[in-house]
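Visitor: Fold the stuff below for me.
(chains A and B)
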Number of protein chains: 2
Amino acid sequence: MSELVTPHVALGGIKTAYVMPNLLPPITSTEQAMSYKKDLQKLAPETEFLMTLYLHENMLEEIEVQENSSSAKVLRGVHEIRKASKAGVRGIKSYPRGVTTHSSTGIESYEPYYPVFKALEEEGMVLNLHGEVPSDDKENISVLNAEKHFLKHLRKLAADFPKLKIVLEHATTKEAVDCVKSLGDNVGCTITPHHLVLTIDAVPSQPFHFCKPIAKEPVDRRALLDVVASGHPRFFLGSDSAPHPIKSKVPKLPDTSVKSDSKYGDVEGDGPQPCAAGVYTSPVLLPLVAYILEKAGALDKLESFVSTNGRAFYGVPVEKNDRPVTLQRVKGKKVPAFYKGQQEGVDIVPFLAGEELGWEIVV
Amino acid sequence: MSELVTPHVALGGIKTAYVMPNLLPPITSTEQAMSYKKDLQKLAPETEFLMTLYLHENMLEEIEVQENSSSAKVLRGVHEIRKASKAGVRGIKSYPRGVTTHSSTGIESYEPYYPVFKALEEEGMVLNLHGEVPSDDKENISVLNAEKHFLKHLRKLAADFPKLKIVLEHATTKEAVDCVKSLGDNVGCTITPHHLVLTIDAVPSQPFHFCKPIAKEPVDRRALLDVVASGHPRFFLGSDSAPHPIKSKVPKLPDTSVKSDSKYGDVEGDGPQPCAAGVYTSPVLLPLVAYILEKAGALDKLESFVSTNGRAFYGVPVEKNDRPVTLQRVKGKKVPAFYKGQQEGVDIVPFLAGEELGWEIVV
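Guide: As a prediction, the model looks like this:
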């Protein structure tokens, strides 16, 4: 999978990628992050990979650290952040437990991690938040309002750590946009291309449109488009591009070649498994965003949205010898139906497969 | 498909089925309804089929009707209702245009049909409503609030035709339950088994849980369960059981056996098509409802919910020689993985495939 998708970052027009840590097992140590970075760099030498750690409950364990000839007790997370910062790791991502892909080891509340956040703040690293709370039937918390319920945590974190760079990732609601706007310059917000296209209407009928957070109502999509069109400097592209093999994006189906002995046609067996959450946009990312912004009358905000706003927030300026990316109009070119991996079962359907975007990258 | 599913009605414990008219082409004439009934009766002689017509825009055409030696102009719909009533057709179903399966010929507003509804009222027939308005980005109407927006139409129809029997079909929201409760004895409401089980959380990841209206929030499911548990006489089972072949319940996938010439793995072709809306429950209907009501602590409401409430509303009493249905507990019996049709491509995955319900019908 990595062999197929890692070169797609550059193909999509992206020089610098901020790499999420929700692998199996999650990336919780500097060593893992560096080893992962090395693997990625080998597959795509032209891409700059900024690495992150996974905010994990094991970071709350006290460990004994030897320094000079004395030893001190410290939270594993604090120790790891110091180390990670030295190694160039740029941030840490928080996944609420059970909310999205590989988040079974995610966190349940934020206060216990305050020493870790303090260390992040001191090191100038970034806290990236998957901004949803877990669903809860009794509290009427569902995938529809999980982001709105999260915003109180965002407000509190922003107030408690005014110098910590915090990013609300892949915002999907008007409330999230309004909340981020109301907060200080330390809080940024990413928006995915697919949340600028989809509303909830397009999700239940199409598992390839299923991602977390799920797309919401038209008024929410409008708020996302409006804030991008406004050029607000703290809102920038975060693709959240998630490569899942086709077989995990559709329910596993029963073998219908078996015969039924029953006059009613019934055949025993397991029911269909649920599909994985995630939308894949990497290989067409810049043409896709150009297509979206042009439709929204905001093509003039393309550069700030995909590049300069995020770079400014992260403090990762364009380098002198960075080659600029140029897009040109194109007719008849369609988003591929799928991307074929070298090995069987590693095929990925991209977002808007088969559709024309009208833009391509000049190579 | 009919051969496979029609006998499933009796298998699920149901004697009397109220048959929806949204076929392709839709059932808009008495002749079609009677011919369809004959086909169904042949496939399942033990089942009683109550037929309906599809409220269609062609019912607004004026036609000339010969009566004795004079001729009169009348709406096709009014004429058809008189004829249908004589033939024993029980009701007419309204589908808002484009909202659900085969509703492209559905209606856009209700007032033009008032003469048809007047005829229905006079004939003692029933108006069955798919209670959603079409989605509209500008008005922020989506699959989430389409039912709430419909309720104003329900209130108006109930007020304008106080003697017309009206059924709000497959209600999914607390607002719909509250609305029906507040209306008069002429307004009933059906609830599906799947809407008593699912919330929106279970829908985007599983196309076999996709139906229209889509399942909503926990508070909505709670309202549905509560009104069933209360034994309210105007709320009764409507399965809305929709048999779709497996291939139309999952996105059509690209042929991944083709090779890619590109180093990026891209393969041209069409994108995945959306899935059909519908959940299939017929062959396990009564065990399924028993399972749900027992979990909700409302097993004592089973008979009223699945039988007597609906029969009383429709005026279709149990007949003297009707065999009662008995359920018994069972361990280890699972809902089939699928039902296999005689012909290829006619296989259907039922709701809760592979799961134990704990109840079976005594045969």
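Visitor: hey, let's count contacts and neighbours off CA atoms from now on
Guide: OK.
Visitor: in the helix or strand where A:Leu157 lies, what's buried?
Guide: Using DSSP states H and E, A:Leu157 falls within helix A:146-160. By neighbour count on 16 or more other C-alpha atoms under 10 Å in any protein chain shown, the buried set for helix A:146-160 is A:146-151, A:153-155, A:157-158.
Visitor: what does that helix rub up against?
Guide: With contact meaning C-alpha atoms under 8 Å, 6 or more residues apart in numbering or on different chains, helix A:146-160 is reached by A:110, A:131-135, A:141, A:164, A:166, A:168, A:171-173, A:175-176, A:179, A:183-184, A:186-187, A:213.
Visitor: which among these end up buried?
Guide: A:131-135, A:141, A:164, A:166, A:168, A:171-173, A:175-176, A:179, A:186-187, A:213.
Visitor: can I get the buried residues of helix A:146-160 in TSV with pLDDT?
Guide: Listed next are the buried residues of helix A:146-160 as TSV, based on pLDDT from 0 to 100:
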residue	pLDDT
A:Ala146	97
A:Glu147	98
A:Lys148	98
A:His149	97
A:Phe150	97
A:Leu151	98
A:His153	97
A:Leu154	98
A:Arg155	98
A:Leu157	98
A:Ala158	98
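Visitor: Surely A:Arg90 is in contact with A:Asn128?
Guide: No - using C-alpha atoms under 8 Å, A:Arg90 is not in contact with A:Asn128, being 10.1 Å away.
Visitor: A:Val65 - that's part of a strand, no?
Guide: Yes - secondary structure of A:Val65 (DSSP: H, G, I helix; E, B strand; the rest coil): part of a strand.
Visitor: for it, which residues make a bridge with it?
Guide: Beta-bridge pairing of A:Val65 under DSSP bridges involves A:Ala72.
Visitor: any idea how far B:Tyr113 is from it?
Guide: From A:Val65 across to B:Tyr113, the span is 80 Å (C-alpha to C-alpha, to the nearest Å).
Visitor: Look at these two and report which has more neighbours.
Guide: Higher neighbour count among A:Val65 and B:Tyr113: B:Tyr113, with 18 against 14, using other C-alpha atoms under 10 Å in any protein chain shown.
Visitor: Check whether the more buried one really touches B:His56, as I assumed.
Guide: No - contact criterion C-alpha under 8 Å: B:Tyr113 and B:His56 do not qualify, at 9.5 Å.
Visitor: Could you say which helix or strand holds the residue sitting furthest away from the middle of chain A?
Guide: The C-alpha centroid of chain A is most remote from A:Lys263, which lies 49.4 Å away (C-alpha atoms, centre = their mean). According to DSSP H and E, A:Lys263 maps onto no helix or strand at all.
Visitor: distance of it from B:Leu352?
Guide: 21 Å.
Visitor: for chain B, what are the nearby residues on the stretch 101-250 of chain A?
Guide: Residues of the stretch 101-250 of chain A found near chain B (C-alpha under 8 Å from any C-alpha of the partner chain) are A:137-138, A:140-144, A:200-201, A:203-207, A:210, A:217-219, A:250.
Visitor: Out of these, which end up buried?
Guide: Neighbour counting over those (16+ other C-alpha under 10 Å) leaves A:140-144, A:200-201, A:203-207, A:210, A:217-219, A:250 as the buried ones.
Visitor: Kindly export the helix holding A:Leu157 (C-alpha atoms) in CSV.
Guide: Taking C-alpha atoms only, helix A:146-160 is exported to CSV below (Å, rounded to 0.1, in the frame of the first residue of the first chain):
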residue,chain,number,x,y,z
ALA,A,146,-20.0,14.6,17.6
GLU,A,147,-18.0,17.5,16.3
LYS,A,148,-20.2,20.2,17.8
HIS,A,149,-19.9,18.4,21.2
PHE,A,150,-16.1,18.5,20.8
LEU,A,151,-15.9,22.3,20.5
LYS,A,152,-16.0,22.8,24.2
HIS,A,153,-12.8,20.8,24.5
LEU,A,154,-11.2,22.9,21.8
ARG,A,155,-12.2,26.2,23.5
LYS,A,156,-10.8,24.9,26.8
LEU,A,157,-7.5,23.7,25.3
ALA,A,158,-7.1,27.0,23.4
ALA,A,159,-7.7,29.0,26.7
ASP,A,160,-5.5,26.8,28.8
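Visitor: Outside of the next helix or strand after it itself, list whatever touches it.
Guide: Per DSSP H and E, the first helix or strand lying C-terminal to helix A:146-160 is strand A:165-169. With contact meaning C-alpha under 8 Å, 6+ apart, strand A:165-169 is reached by A:121, A:124-131, A:154, A:158, A:180, A:186-191, A:238.
Visitor: Over to stretch A:23-31?
Guide: By C-alpha under 8 Å, 6+ apart, stretch A:23-31 touches A:21, A:33, A:52-56, A:80, A:83-84, A:87, A:89, A:102.
Visitor: So which residue is dead centre in chain A?
Guide: Centroid-nearest residue in chain A: A:Asp240, 3.0 Å away (criterion: C-alpha atoms, centre = their mean).
Visitor: Quick one: residues contacting that one.
Guide: A:Asp240 touches A:170, A:192, A:278-280, counting by C-alpha under 8 Å, 6+ apart.
Visitor: any chance of these in TSV, plus pLDDT, secondary structure and neighbour count?
Guide: Below are the contacts of A:Asp240 laid out as TSV (pLDDT from 0 to 100; DSSP: H, G, I helix; E, B strand; the rest coil; neighbours: other C-alpha atoms under 10 Å in any protein chain shown):
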residue	pLDDT	secondary structure	neighbour count
A:His170	98	coil	25
A:Thr192	98	coil	22
A:Gly278	98	coil	23
A:Val279	98	strand	28
A:Tyr280	98	coil	23
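Visitor: The stretch 151-300 of chain A: strands as residue ranges?
Guide: Assignment of strands within the stretch 151-300 of chain A using DSSP state E, counting those that start in this stretch yields the ranges A:165-169, A:187-191, A:235-237, A:266-267.
Visitor: For those strands, could you give me a markdown table that also reports mean pLDDT?
Guide: Converted to a markdown table, the strands of the stretch 151-300 of chain A look like this (pLDDT from 0 to 100):
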| stretch | mean pLDDT |
| --- | --- |
| strand A:165-169 | 98 |
| strand A:187-191 | 98 |
| strand A:235-237 | 98 |
| strand A:266-267 | 96 |
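Visitor: now these as TSV including distance to B:Pro336?
Guide: Output for those, formatted as TSV (distance: least, C-alpha to C-alpha, whole Å):
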stretch	distance to B:Pro336
strand A:165-169	41
strand A:187-191	42
strand A:235-237	45
strand A:266-267	5
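Visitor: and which of the contacts of A:Asp240 is nearest B:Lys301?
Guide: Relative to B:Lys301, the closest of the contacts of A:Asp240 is A:Gly278; by C-alpha to C-alpha it sits at 41.7 Å.
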